[in-house]
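> Test case, fold it:
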Amino acid sequence: MIHDLRHWAARHPEQIAVQIGDAALTYAELEAQANQLARLFDALGLKRGDHVAASLTNSPFTLVMAWAAWRSGLYYTPIATTFTLHDTAAIIANCRAHLVVADRSAQTHVAELPAHCAAVGHWFWHGDAVPGFRSLSEEMGGQSERPRVGETPGALMLYTSGTTGAPKGVWRPLPPANLRATPSFAADLIPLFGFDEGVRYLSTAPLYHAAPLRAALAVTAAGGCVIGMRKFDAAEALQLLAMHRITHSQWVPTMFLRLLKLPESTRRDFQAPLHRVALHAAAPCPPSLKRAMIDWWGPILVEYYSGSEGVGLTMISTQEWLNHPGSVGRTVKGVPHVLDENFRELAPGCTGRIYFSGVTPFEYFEEPNKTANRTSPQGYQTLGDIGYLDAEGYLYLADRMDDMIISGGVNIYPQEIEAALLEMAGVADVGVIGAKDEKFGERPVAFVVAESGHDAHALRRDLPALCEARLGRIKAPTRFEFVQQLPRSPTGKLLRRELRERLRQHQPPDAN
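Numbering: from 1, shown residues only. This next block holds a predicted model:
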């Protein structure tokens, strides 16, 4: 069966396809708007292989953009509304966007974008009006809601989150023009996540990120219902799980942390009997945090490991994780390889660079050197992570290649230090980076968020000795910066590049 929006628009047109806040689109409305936008793309002269981009806050229209681009043979690039004007303009220029849609409520100063992106031919607003832009809704209103003849498939071109450097566009060739199949953004996720027309999926994160967008699109391709959040709120998320009879949901570890900080009475009274799959990914989940969620919600957590580059995917159920704590699962997409610095295959249990084969290779758009840096001589590709496989094929992550600290010739993994610190009383959040050191080359520096109500002065006094006892002298941070909040992306990824920049400037963020 071909899973596609059009099939479900004909089969159950009045069913809600996506609802975010008070805004909702039925399958018939989602199909009609996607057709109108696709016709507008034609009218504006866009051709197969052209690029369109959008900086939009969470709304059902994000899915309209993606489906219309798929119907038109275009690449669609969603841009994080939290990016700076510089990064947003750089992405628009890099992806060679012919058309850009923006919402003034984005944090980016979108009205200033045209001055930095002279090559863009068409600027539209959707949501809150942007001065100087045209109304996309008005332009679409003059187009027919009927499908066009001779549609060709497009693709998503997503950008990395930019946690260690500038965001990079992940490019693959378009599918064949005559392809008639389930869209590539949904084809693998539907069977992997068990999506079907009965699924009711809670989307908790911004739809400009790869995992939330692809999952929401896969649900609409499978005929289910997407319930989204404009902005994550832990108490509201619990209400939505119960009120909308959610069957599947998706989270990141920082959301679990906020859920567990809700009043005990709120957590005790929570009931969502139809909730059977709680997906989580995007960032490492400390074992203690995951155990707490399993104790509360039961064996419904399903963790997966992947990335915007789509080179491979692993999954692990709750029961498997309890038997293999700390693992991100076995491979369900691609073939895993752990290689040493000379690109030789390592035996089970040996830590090295994680690569995958067996998946269509990606390129970083207009970035051949960066693509080469993520590709082995054998043609395997990596997300940039370090880890190992055990004898049963379960994958364990140690850290990212770009984040590793080399101190006195010893490889130190920040995630190991962070996991140890998070288990210490009084530590709410932590991020570790390497700082230059004349004697050792680099030494770990920890940015620590103290738990509310905890004595930060006592924590500052006790942490050095506790860390040295737990981690040893080499791995223990030599410097602790106490901050109010760590810089994280909306999907919970630690923005280490911001910590490095602030350390370089000797201006730690929000110091107590």
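> three-state assignment of residue 45?
Three-state call for residue 45 (DSSP: H, G, I helix; E, B strand; the rest coil): coil.
> and it, how many neighbours?
Counted with other Cβ atoms under 10 Å, residues neighbouring residue 45 total 11. For every residue, glycine as well, the C-beta is placed using N, CA and C.
> could you measure it against residue 124, distance?
Look at residue 45 and residue 124: by Cβ to Cβ, to the nearest Å, they are 15 Å apart.
> and what of residue 15?
In terms of Cβ to Cβ, residue 15 sits 28 Å off from residue 124.
> If you count surrounding residues, which of these two has more?
residue 124 (21 against 15).
> Verify the contact between that one and residue 132 for me.
No. Using Cβ atoms under 8 Å, residue 124 is not in contact with residue 132; the gap is 10.8 Å.
> residue ranges with poor pLDDT in the protein?
161-165, 408-410, 491, 506-512 (pLDDT under 70).
> domain parsing for it?
5-220, 327-402, 405-504 (automatic domain parsing).
> since we're on residue 174, how many residues are nearby?
Residue 174, neighbours per other Cβ under 10 Å, totals 17.
> Would you check that it makes contact with residue 51?
No. Counting by Cβ under 8 Å, residue 51 is not a contact partner of residue 174; they are 11.2 Å apart.
> Now do the same contact list for residue 58.
Neighbouring residues of residue 58 by Cβ atoms under 8 Å, 6 or more residues apart in numbering: 20, 206-207, 228-231.
> Recalculate using a threshold of 6 Å.
By Cβ atoms under 6 Å, 6 or more residues apart in numbering, the contact set of residue 58 is 20, 206-207, 228, 230.
> Would you verify that residue 128 is located in a strand?
No. Checked against three-state DSSP, residue 128 lies outside a strand; its state is coil.
> what's near enough to touch it?
103-105.
> In JSON lines: the residues you listed, plus secondary structure.
JSON lines is the format used below for the contacts of residue 128 (three-state DSSP):
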{"residue": "103", "secondary structure": "coil"}
{"residue": "104", "secondary structure": "coil"}
{"residue": "105", "secondary structure": "coil"}
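> and which of those residues is nearest residue 447?
residue 105 (30.0 Å; Cβ to Cβ).
> What separation do you get for residue 500 and residue 274?
Counting by Cβ to Cβ, the gap from residue 500 to residue 274 is 44 Å.
> more neighbours, those two?
For residue 500 versus residue 274, neighbours defined as other Cβ under 10 Å are more numerous around residue 500 (16 against 13).
> Any buried residues in stretch 455-462, and which?
Residues of stretch 455-462 classed as buried: 459-460 (neighbour count, 16 or more other Cβ atoms under 10 Å).
> make that stretch 420-437, sorry
For stretch 420-437, burial by neighbour count (16+ other Cβ under 10 Å) applies to 420-422, 426-427, 429-435.
> Can I get the residues you listed in JSON lines including secondary structure and distance to residue 504?
Shown next, in JSON lines, are the buried residues of stretch 420-437 (DSSP: H, G, I helix; E, B strand; the rest coil; distance: Cβ to Cβ, whole Å):
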{"residue": "420", "secondary structure": "helix", "distance to residue 504": "25"}
{"residue": "421", "secondary structure": "helix", "distance to residue 504": "22"}
{"residue": "422", "secondary structure": "helix", "distance to residue 504": "25"}
{"residue": "426", "secondary structure": "coil", "distance to residue 504": "28"}
{"residue": "427", "secondary structure": "strand", "distance to residue 504": "24"}
{"residue": "429", "secondary structure": "strand", "distance to residue 504": "21"}
{"residue": "430", "secondary structure": "strand", "distance to residue 504": "20"}
{"residue": "431", "secondary structure": "strand", "distance to residue 504": "15"}
{"residue": "432", "secondary structure": "strand", "distance to residue 504": "16"}
{"residue": "433", "secondary structure": "strand", "distance to residue 504": "10"}
{"residue": "434", "secondary structure": "strand", "distance to residue 504": "12"}
{"residue": "435", "secondary structure": "strand", "distance to residue 504": "9"}
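> Let me have those residues in JSON lines, extended by distance to residue 211.
Output for those, formatted as JSON lines (distance: Cβ to Cβ, whole Å):
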{"residue": "420", "distance to residue 211": "27"}
{"residue": "421", "distance to residue 211": "26"}
{"residue": "422", "distance to residue 211": "23"}
{"residue": "426", "distance to residue 211": "32"}
{"residue": "427", "distance to residue 211": "27"}
{"residue": "429", "distance to residue 211": "21"}
{"residue": "430", "distance to residue 211": "24"}
{"residue": "431", "distance to residue 211": "21"}
{"residue": "432", "distance to residue 211": "24"}
{"residue": "433", "distance to residue 211": "25"}
{"residue": "434", "distance to residue 211": "28"}
{"residue": "435", "distance to residue 211": "32"}
